[in-house]
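[1] Whatever this is, show me its structure:
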Amino acid sequence: MNAIEKITNSERYARCVQTSKRVQWDIEADVIRGRRFDTTHKFLPDGLYLADTFTTLSPDEKRFVSQIQGRTYANIFGLVERFINAKVLELSHEHWFGDQVALEALVRFSDEELKHQALFRRIDAMVGEVLPDGYRFEIDPNAVARAVLGKSTWAVLALTLDIELFTQLHYRQSIEPDSQLSELFKDVFLYHWKEESQHAILDELEWVRHDAGLTAQQRDRAVDEFIELVVAVDGVLQAQAKADAGYFVATCGRTVQQAEGHAIEDAFLKAYRWQYINSGAQHPHFGKVLSGLITENQGLRIQAALATLR
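    Modelled structure (predicted):
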């Protein structure tokens with residue numbers, strides 16, 4: 001059985017390399033294509049920015065919220081891909097004198113993550129050209145990456161697989177089908193999705209491979225560190241929800257009373273928790289992989305922690 005699994009995994013690395021070569025794209029030539037963002041369109045679909053939670057806003061104001069959240073959506077992905085890339089490069093060392101196809105797959109993964117970071121910096125600048133001044137995203141990606149990489153590889157890979165699975169889910173189920181979205185914004189995440197599909201496969205392969213070398217005690221500690229990482233992500237989301245709600249209040253063109261301002265901030269946080277925590281936690285494949293590595297009691301600890309982030 002081990003020999004069969006090893007062959008199967010080797011083939012999966014090879015398929016990721018082949019697909020990576022087939023879907024390769026360029027930021028300017030394939031994604032941007034000389035276009036600008038059009039603020040008459042939403043950037044995020046209703047089900048992602050949680051339009052129904054912004055109960056006091058007009059349709060135009062809700063569209064503005066989708067654009068603010070869309071800018072943050074791009075920036076959050078640029079942020080997390082900083083630590084994902086560092087971890088992938090670290091893991092590639094373990095294949096230096098082994099499976100060269102696996103090494104190539106991870107090197108291509110790293111190259112694509114660097115390109116994605118450049119894409120999201122470009123998108124942030126382009127959105128800044130068409131939205132009002134005053135938006136702030138002041139989270140230091142290097143500081144976040146250092147903090148995340150201070151945790152165990154098991155915990156980081158768990159978080160990484162979670163992120164890259166929900167990225168695909170968001171695109172396929174929400175972004176791609178919505179005809180009211182900015183076509184440019186949709187294309188950004190179409191091309192991102194094309195490469196993230198391979199990344200999720202590699203994350204899973206590396207996570208399971210790494211897990212096989214852990215003791216029960218090491219894995220139990222790693223579960224706690226995964227919970228700590230999710231809580232840290234929530235701290236980032238709370239800070240950005242506050243900043244984005246403040247930006248909306250300052251630039252929406254009308255006076256917003258304090259009570260409504262608090263409700264708007266709560267709605268931003270609820271949307272961000274859905275986008276970056278809960279939609280991934282509910283992903284069926286993530287649940288399947290995770291449950292195959294942990295005990296029932298460890299799963300209950302994770303569920304209890306997630307229940308506090310609603």
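[2] can you count the residues close to Val188?
    By other CB atoms under 10 Å, 28 other residues sit near Val188. For glycine as for every other residue, the C-beta is placed from the backbone atoms N, C-alpha and C.
[3] Determine the set of other helices and strands touching the strand or helix carrying it.
    Per DSSP states H and E, Val188 falls inside helix 183-211. Where contact means 3 or more CB pairs under 8 Å, 6 or more residues apart in numbering; DSSP states H and E, helix 183-211 is packed against helix 2-23, helix 59-92, helix 100-128, helix 153-170, helix 284-291.
[4] how about the ones you listed in CSV, adding mean neighbour count and distance to Glu225?
    Listed next are these as CSV, based on neighbours: other CB atoms under 10 Å; distance: least, CB to CB, whole Å:
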stretch, mean neighbour count, distance to Glu225
helix 2-23, 14, 25
helix 59-92, 21, 13
helix 100-128, 19, 22
helix 153-170, 23, 4
helix 284-291, 15, 14
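[5] Of all those helices, which one is nearest Tyr247?
    Smallest distance to Tyr247 across those (CB to CB): 6.4 Å, for helix 59-92.
[6] What is the closest one packed up against?
    Helix 59-92 packs on helix 46-49, helix 100-128, helix 141-149, helix 153-170, helix 183-211, helix 216-251, helix 258-273, going by 3+ CB pairs under 8 Å, 6+ apart.
[7] what's the angle from that helix to helix 153-170?
    Per axes from the mean of the first three to the mean of the last three CA atoms, to 10 degrees, the angle that helix 59-92 makes with helix 153-170 is 140 degrees.
[8] ok and helix 59-92 relative to helix 216-251, angle-wise?
    Using the same axes, to 10 degrees, helix 59-92 lies at 150 degrees relative to helix 216-251.
[9] any idea how far helix 59-92 is from the chain center?
    6 Å (CA atoms, centre = their mean, to the nearest Å).
[10] Quick one: mean pLDDT for that helix?
    Averaged across helix 59-92, pLDDT comes to 97.
[11] and what of stretch 114-130?
    Rounded mean pLDDT across stretch 114-130 is 98.
[12] same deal with stretch 262-273?
    Rounded mean pLDDT across stretch 262-273 is 98.
[13] Just the residues contacting it, thanks.
    48-50, 53-57, 65, 69, 72, 234, 237-238, 240-242, 244-246, 248-249, 256, 309-310 (CB atoms under 8 Å, 6 or more residues apart in numbering).
[14] what do you get for stretch 292-304?
    207-208, 211, 219-220, 223-224, 226-227, 290-291.
[15] again, but for stretch 127-138
    Against stretch 127-138 from outside (CB under 8 Å, 6+ apart): 36-39, 43, 67-68, 70-72, 74-75, 124, 240, 243-244, 247, 250-251.
[16] Quick one: end-to-end distance for that stretch.
    16 Å (CA to CA, to the nearest Å).
[17] ditto for stretch 41-51
    Termini of stretch 41-51 sit 14 Å apart (CA to CA).
[18] what are the phi and psi values for Lys42?
    Backbone torsions of Lys42, given as degrees, to the nearest 10, read phi -70, psi 160.
[19] so who does it touch?
    49, 63, 66-67, 70, 178, 180-182.
[20] Low-confidence stretches in the protein?
    For the chain, residues meeting the criterion pLDDT under 70 lie at 1-7.
[21] and the residue nearest the centre of it, what does it touch?
    With distances taken as CA atoms, centre = their mean, the residue of the chain nearest its centroid is Ile163 (4.3 Å). Ile163 is in contact with 80, 84, 276, 280, counting by CB under 8 Å, 6+ apart.
[22] And the second one, how far from Ala263?
    Spelled out, it's Ile84. 34 Å (CB to CB, to the nearest Å).
[23] hang on, the earlier thing: how about the helices and strands packed on helix 59-92, which one is nearest Lys21?
    Of all these, helix 100-128 comes closest under CB to CB, at 8.0 Å.
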